[in-house]
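[1] When you get a sec, could you give me coordinates for this:
(one chain, ligands or ions: 1)
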Amino acid sequence: MKLVLCYGDPSKMFDIQALAHKLEVPWFSSAIDLPEDATHVLWVSTHGIALGKVGDKMPTATSVDFLNPTLLYRLRTSGKRQGLGKAVGLDKVAAPTVLDATAGLGRDALVLAYLGCEVLMLEKSPLIHILLEDGLKRAKAAVSVLLNKAPHRMHLLQCDALQRFAEIKQGTATQPDVIYLDPMFPTRQKTAMVKKDLALLQEILGVEENFANLLQAARSCAIHRVVVKRPGNSLSKSLPVPTFVVPGKSAHFEVYVNSSFSSSR
Ligand SMILES: C[S@@+](CC[C@H](N)C(=O)[O-])C[C@H]1O[C@@H](n2cnc3c(N)ncnc32)[C@H](O)[C@@H]1O
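    The predicted structure follows:
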């Protein structure tokens, strides 16, 4: 992949210089100046930051837009019995703290925050972190009643989850009630919009190579449970058997229980 930055508005020139420095990639003031070997472009405009393949038009690029009507619909229909809510324990306790250790584009974190959870999102890729940070900033500024103040319950750190787990073990970071893992598994079946975005993420980031390690470390850090989202319906043959499974349409949630919620509240 050869990433370049491009800005669509002169007022964004300072932003793009800072981003280019952070990602250590070149920047350009116009799409027609892009080098021939550029494969992906990060567009910075007054509408926000979007990632696309060179040749893609802005509307098909990937950005974090928490005010997207499809996402807002998912929020309105995501009651506490929805798979994700049930998996993190919202049928047992009002608002567990959740460490979303593989935040990606923040959609699952948004659902959890909408349902009342304080969510700390970790994202190891500096590029995806930039998209997520931008989307979160815009959502916080939008003051939409439809979001139920969810963006204000979402917190973001750019770091590898393994590093955070090590800090939790050392006692220098807070132990969350629940750790949520949605790594890049090889096959995923999703709606057209999510499918396109996740396909781009997979192209850029590759698939998770050592999920067993991540799961083991997460299980030693969560107070109550670790939740793993997996595509399809079948359980992994190589991972430990979960305590229980919450089924879903295109993905299911595997739940590893450390202690019941009633044991500490
Ligand atoms: C499938 S995406 C998550 C999608 C997310 N659940 C959503 O709703 O948008 C997986 C993300 O996890 C991130 N990731 C994978 N391993 C990680 C780790 N060890 N620490 C932090 N982030 C990680 C990847 O960079 C990628 O952005």
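[2] so where's the stretch 151-265 of the chain uncertain?
    Low-confidence segments of the stretch 151-265 of the chain, defined by pLDDT under 70: 187-194, 263-265.
[3] hey, where'd the helices end up in it?
    Assigned by DSSP state H, counting those that start in this stretch, the stretch 151-265 of the chain shows helices spanning 161-170, 192-205, 211-219.
[4] who wins for proximity to residue 90 among those?
    Nearest to residue 90, of all the helices of the stretch 151-265 of the chain, is helix 211-219, at 19.1 Å by C-beta to C-beta. C-beta: built from backbone N, CA, C; applies to glycine.
[5] quick one: that closest one to helix 161-170, angle?
    Here the directions of helix 211-219 and helix 161-170 differ by 30 degrees (axes from the mean of the first three to the mean of the last three C-alpha atoms, to 10 degrees).
[6] The lengthiest helix in the chain packs against which elements?
    Identified as the longest helix of the chain according to DSSP state H is helix 126-142. Contacts defined by 3 or more C-beta pairs under 8 Å, 6 or more residues apart in numbering; DSSP states H and E place helix 126-142 against helix 13-23, strand 48-53, strand 119-123, strand 154-158, helix 192-205.
[7] picking up where we left off before, which of the helices of the stretch 151-265 of the chain sits closest to the ligand?
    helix 161-170 (3.5 Å; C-beta to the nearest ligand atom).
[8] Work out the gap between that closest one and the centre of the chain.
    Offset of helix 161-170 from its chain centre (C-alpha atoms, centre = their mean, to the nearest Å): 19 Å.
[9] Could you check that helix against the ligand for contacts?
    Yes - residues of helix 161-170 contacting the ligand under C-beta under 6 Å from any ligand atom: 161, 162.
[10] For the ligand, what's the nearest residue on this protein?
    residue 104 (2.5 Å).
[11] Settle this for me: that residue is touching residue 182, isn't it.
    Yes - between residue 104 and residue 182 there is a contact at 6.8 Å, judged by C-beta atoms under 8 Å.
[12] can you tell me the helix or strand for residue 36?
    Assigned by DSSP states H and E, residue 36 falls within no helix or strand.
[13] What is the burial count for it?
    Counted with other C-beta atoms under 10 Å, the neighbours of residue 36 add up to 6.
[14] And the pLDDT for it?
    For residue 36, the pLDDT comes out at 87.
[15] Also residue 78?
    Listed pLDDT for residue 78 reads 66.
[16] what's residue 215 in contact with, if anything?
    181, 226, 228, 239, 240, 256 (C-beta atoms under 8 Å, 6 or more residues apart in numbering).
[17] For the protein, which residues are neighbours of the ligand?
    Counting by C-beta under 6 Å from any ligand atom, the positions of the chain adjacent to the ligand are 101-102, 104-108, 122-125, 128, 160-162, 182-184, 198, 201, 205, 208, 214.
[18] Can I get the buried part of those residues as one PyMOL selection?
    The PyMOL selection below is limited to those of these classed as buried (16 or more other C-beta atoms under 10 Å):
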select buried, resi 101+102+104+105+106+107+108+122+123+124+125+128+161+162+182+183+184+198+201+205+208+214
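[19] picking that back up, buried members of the contacts of residue 215 into ChimeraX, please.
    Listed next is the ChimeraX selection for buried residues among these, using 16+ other C-beta under 10 Å:
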select :181,226,228,256
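[20] and the contacts of residue 215, which two are the farthest apart?
    Greatest spatial distance in the contacts of residue 215: 181 and 240, 13.0 Å, computed using C-beta to C-beta.
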